[in-house]
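Asks: Quick one, structure for this:
(one chain, ligands or ions: 1)
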Amino acid sequence: MLGQDLIAAASAAGHEVVGFSRGELDITDADAVTTAVRSARPDVVVNCAAWTDVDGAERDEAGAAAVNGAGAGNVARAAAARGAWTIHVSSDYVFDGAKRLPYLESDDVGPLSGYGRSKLAGERAVANAAPGWHTVVRSSWLFGTGGSCFPATILRLAGEREELKVVDDQVGCPTFTGHLAPALVEIGGREARPAGVVHLAGQGVCSWYEFAREIVVRAGLSCEVKPCTTADMPRPAPRPAYSVLRSERDDEVPVLPDWRAGLAEYMAAVPVAGAR
Ligand SMILES: NC(=O)c1ccc[n+]([C@@H]2O[C@H](COP(=O)([O-])OP(=O)(O)OC[C@H]3O[C@@H](n4cnc5c(N)ncnc54)[C@H](OP(=O)(O)O)[C@@H]3O)[C@@H](O)[C@H]2O)c1
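Replies: Have a look, this model is predicted:
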């Protein structure tokens with residue numbers, strides 16, 4: 001999802017872009033990654049590849065860690081060997097969600113799930129493989145036109161059902177990949193890129209319930225959206241109850257638009273079935 005928007009944003013900014021699908025490059029294969037980076041000869045490598053099945057990572061944490069941990073390290077090592085800067089995308093799920101003020105880059109991490117642990121392992125693998133030569137961008141609640149995402153699921157279900165229950169006790173920052181991607185390109189294009197961890201998420205804060213309600217209202221669907229608790233809808237992987245990301249960095253980290261602006265762009269780009 002993010003990778004497709006990133007290729008479009010980098011091309012639109014005038015960069016020469018080489019993109020790899022999973023079928024073309026498996027990042028768990030260190031030799032293949034080295035060969036791919038050598039032949040592309042990039043200035044910047046952006047790793048959008050990940051195991052993103054959060055519940056699946058509870059069943060197979062080793063599988064998630066191979067991609068999100070070791071695989072991320074393979075990408076950063078190959079980039080550093082070629083003198084290219086690594087931009088690595090990480091997640092709000094590295095936090096435990098116990099805070100009630102926005103998470104800053106300096107806050108302690110404490111992942112609750114196998115997915116979160118695998119993403120944290122990736123951050124550390126990147127830092128070890130490309131010390132001082134990388135940006136780890138933590139983002140959250142991604143949605144976009146290039147993949148399956150929460151708004152797509154809600155639009156489908158709301159078109160089929162009269163009532164939907166959505167959790168109201170998990171709060172975060174939805175982030176439109178159409179906004180995140182150009183920000184990553186902007187960071188990559190700088191002469192002085194921000195090193196280390198950067199928080200980059202949509203402005204504004206909501207619960208999944210509030211997000212869903214906004215989607216259904218904007219789509220003009222008649223489905224009623226009702227709030228419920230996480231306990232009402234048990235899932236294999238625990239999620240942070242609060243994972244609002246904000247940046248404390250003073251080196252001009254980009255500020256993304258509000259998530260509602262992202263949703264408006266998303267809704268303009270996707271067809272809505274069953275709208276009134
Ligand atoms: N989605 C979110 O809500 C969210 C939130 C915060 C951070 N992030 C992070 O943002 C980044 C982009 O996420 P996204 O939502 O764009 O994910 P996505 O749509 O699931 O894309 C991830 C891509 O990685 C590929 N991939 C999986 N294993 C691979 C491997 N071993 N080698 C190469 N490619 C592999 C997947 O291929 P297949 O489809 O064939 O498996 C898929 O094309 C990820 O780092 C993710 O952890 C996502």
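Asks: what does the protein have sitting close to the ligand?
Replies: Among all residues of the chain, those adjacent to the ligand (criterion: Cβ under 6 Å from any ligand atom) are 1-3, 22, 25-28, 48-52, 67, 71, 89, 91, 119, 139-142, 147. Every residue, glycine included, has its C-beta placed from N, CA and C.
Asks: run the last query once more with 5 Å
Replies: Proximity of the chain to the ligand (Cβ under 5 Å from any ligand atom) is limited to residues 1-2, 22, 26-28, 48-50, 52, 67, 89, 91, 139, 142, 147.
Asks: Those in strands, which ones?
Replies: Those of the residues of the chain next to the ligand mapping onto strands are 89, 91, 139, 142, per DSSP state E.
Asks: So which of those residues is surrounded by the most neighbours?
Replies: With neighbours defined as other Cβ atoms under 10 Å, the most crowded of these is residue 91; it has 27 neighbours.
Asks: tell me which element residue 34 falls in.
Replies: Assessed by DSSP states H and E, residue 34 sits inside helix 30-40.
Asks: Now that helix: buried residues?
Replies: The neighbour-count check on helix 30-40 (16 or more other Cβ atoms under 10 Å) flags 30, 32-34, 36-37, 40 as buried.
Asks: For residue 263, list the residues it contacts.
Replies: Residues touching residue 263, when contacts are defined by Cβ atoms under 8 Å, 6 or more residues apart in numbering, comprise 143, 151, 174, 176, 214-215, 218.
Asks: and it, that one's in a strand?
Replies: No: the assignment for residue 263 is helix, going by DSSP: H, G, I helix; E, B strand; the rest coil, so no strand is present there.
Asks: mind checking how far it is from the ligand?
Replies: Here the criterion is Cβ to the nearest ligand atom, to the nearest Å. By it, residue 263 lies 14 Å from the ligand.
Asks: ok, back up a step: with respect to residue 124, which of the residues of the chain next to the ligand is nearest?
Replies: Proximity of the residues of the chain next to the ligand to residue 124 was ranked by Cβ to Cβ; the top entry is residue 91 with 13.6 Å.
Asks: tell me which element the closest residue to the closest one other than its chain neighbours falls in.
Replies: Counting by Cβ to Cβ, 6 or more residues apart in numbering, residue 119 is the residue found nearest to residue 91 once chain neighbours are left out, at 4.5 Å. Following DSSP H and E, one finds residue 119 within helix 114-129.
Asks: just residue 192 next, same as before
Replies: Taking DSSP H and E as the criterion, no element holds residue 192; it sits outside all helices and strands.
Asks: Neighbours of it, how many?
Replies: For residue 192, which is what you asked about, the neighbour count (other Cβ under 10 Å) is 7.
Asks: ok, which stretches of the stretch 151-276 of the chain are strands?
Replies: Counting by DSSP state E, counting those that start in this stretch, the segments of the stretch 151-276 of the chain that form strands are 163-167, 171-172, 175-176, 196-199, 206-207, 224-228.
Asks: Would you mind finding the most buried of these?
Replies: Each of those was scored by mean neighbour count; the highest is strand 175-176, a mean of 26, by mean count of other Cβ atoms under 10 Å.
Asks: can you give me how far that one is from the chain middle?
Replies: Here the centre of mass of C-alpha atoms in strand 175-176, compared against the chain's by Cα atoms, centre = their mean, to the nearest Å, lies 8 Å away.
Asks: Check which helices and strands it sits against.
Replies: The criterion is 3 or more Cβ pairs under 8 Å, 6 or more residues apart in numbering; DSSP states H and E, and the helices and strands that strand 175-176 contacts are strand 142-143, helix 259-269.
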